[in-house]
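[1] test case, fold it:
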Amino acid sequence: MTVPSVLVHRDQEVLAKAVAARLVTRLVDVQTARGGAHLVLTGGGVGIAVLEELAATPAHDAVDWRSLDIWWGDERFLPSGHEERNETAARRALLDRVDVDPKRVHPMPSSDQGESPEDAAERYAAELRAATRPDDHGPVPSFDVLMLGLGPDGHVASLFPGMPALYEQRPVVAVRGAPKPPPIRLTLTLPAIQTAREVWIIAAGESKAKAVRLALSDAGPVQVPAAGARGRQRTLFLLDRAAASELPPTIGRIASP
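    Now for the predicted structure:
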């Protein structure tokens, strides 16, 4: 796994703008080299703020949205269109405002589709497998950017400390009894996350500072799931100053104005 790089921005607003700009550059570079790209979205306040900034910047026109496959790292197992679904927030913030190919937008199943969470997880895993190519590194595409939020307890996606999903080798699993409501969710597992070329962990606010410090320490991924979220080519911790406030000086970082 790659050694993370840490980039610190002044506040959440600047952070969201900077991540949106970085994402445009990354997607354009990948599409120029290979034609298409795979992007994994995250929810949460700062994750959705990034998508809003991406929709607002004229630079988003440089992305070939029709050639972009869009996935999710996790989802609340709720009815389609529910306000608490990550998909709902992402569509409102960005996807309904750009020219995406509906066939290349891959939301995780919703609870009103007549299947159990476990069957829904297997169906999403099958959709991921169908999108792989011979040069991919497992049963999921080699995601070009996989974005993750970070919880105060160190969770990423819906991988919460100490829960059985952290021991899974399957790419997608159902989570029951999540400590944060709603209790039933679908999530990529750490092996699936680790196939990504780049993993970006985005965090803002003082409440995330301890989790950031632990995720960049020698903590194990069962205790601090973010400690196991690493990309094959690059791992970025994209933070505001408050989220970076507990980092020791031994952690190298690039500070922004």
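[2] for this protein, what spans make up the helices?
    12-34, 44-56, 86-93, 117-130, 190-193, 209-215 (DSSP state H).
[3] quick one: residues contacting the closest residue to residue 133 other than its chain neighbours.
    Counting by CB to CB, 6 or more residues apart in numbering, residue 141 is the residue found nearest to residue 133 once chain neighbours are left out, at 7.3 Å. Quick note: C-beta positions are derived from backbone N, CA and C, even for glycine. Contacts for residue 141 (CB atoms under 8 Å, 6 or more residues apart in numbering) come out as 38, 69, 71, 128, 131-133, 195.
[4] mind putting the residues you listed in CSV, distance to residue 102 and neighbour count included?
    Formatted as CSV, the contacts of residue 141 follow (distance: CB to CB, whole Å; neighbours: other CB atoms under 10 Å):
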residue, distance to residue 102, neighbour count
38, 16, 25
69, 12, 19
71, 14, 23
128, 18, 23
131, 15, 15
132, 21, 16
133, 22, 7
195, 25, 22
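[5] which ones among the residues you listed map onto strands?
    Under the assignment DSSP state E, the contacts of residue 141 contribute 38, 69, 71 to strands.
[6] how long is stretch 226-235 end to end?
    Terminal residues of stretch 226-235 lie 11 Å apart, using CA to CA, to the nearest Å.
[7] give me the buried positions along it.
    Of all the residues in stretch 226-235, those buried under the rule 16 or more other CB atoms under 10 Å are 226-232, 234-235.
[8] same check on stretch 172-180?
    172-175, 178.
[9] I'd like those written out as a markdown table, with pLDDT added.
    Conversion of the buried residues of stretch 172-180 to a markdown table gives the following (pLDDT from 0 to 100):
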| residue | pLDDT |
| --- | --- |
| 172 | 98 |
| 173 | 98 |
| 174 | 98 |
| 175 | 98 |
| 178 | 97 |
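[10] just the residues you listed: which are in strands?
    172-175.
[11] and these, which is closest to residue 32?
    Minimum distance to residue 32 across those is 30.1 Å, recorded for residue 172 (CB to CB).
[12] coming back round to it: export the ones in strands among the contacts of residue 141 to TSV and tack on distance to residue 145 and pLDDT?
    Below are the ones in strands among the contacts of residue 141 laid out as TSV (distance: CB to CB, whole Å; pLDDT from 0 to 100):
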residue	distance to residue 145	pLDDT
38	8	98
69	11	98
71	11	98
